[in-house]
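Asker: Okay, here's the prediction I keep looking at, along with the sequence it came from:
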Amino acid sequence: MNTVETRAPRPLPLQTFGDVRAALRAGHGPSNGVAAFEADLQRALDGSSETDLTAVAAVLVDYRGRIRLYQDPDFDVAVQEGIDLTLRLKREACGESQCIPGRRV
């Protein structure tokens, strides 16, 4: 019997700013990922002191998470399921005939 194993892609090494830049340049993120990353990083650096780089570290953590989500093949499916569930709950909460378009429920 011939079985084919399906393996999840190996996670990218995202330990440094260079790793994040390389992943974004390779297309592992939104199309404007590199420009957005550089702009966010520059803002964080401009607002940081020499002894407190918390905002800079937060940029790295944020983009690592974005890249990992973008790599996850189930992410789009999970987002769509969440959207579908939200719409269904809104319809059930207000009743089909009582909903007013544009009204938040």
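Answerer: Arrived safely, thanks for sending.

Asker: How is residue 49 assigned, secondary-structure-wise?
Answerer: Classification of residue 49 using DSSP: H, G, I helix; E, B strand; the rest coil returns coil.

Asker: Look up how far residue 55 lies from it.
Answerer: For residue 49, the distance to residue 55 equals 10 Å [Cβ to Cβ, to the nearest Å]. Just so you know, the C-beta spots here come from the backbone N, C-alpha and C atoms, and that holds for glycine as well.

Asker: Looking at these two, which one has more neighbours?
Answerer: Each of residue 49 and residue 55 has its neighbours counted (other Cβ atoms under 10 Å); residue 55 has more, 16 against 8.

Asker: quick one, what contacts the more buried one?
Answerer: Counting by Cβ atoms under 8 Å, 6 or more residues apart in numbering, residue 55 touches 44, 47-48.

Asker: just how off-centre is the helix or strand containing residue 83 within its chain?
Answerer: Taking DSSP states H and E as the definition, residue 83 sits inside helix 75-94. Mean-position distance between helix 75-94 and its chain equals 19 Å (Cα atoms, centre = their mean, to the nearest Å).
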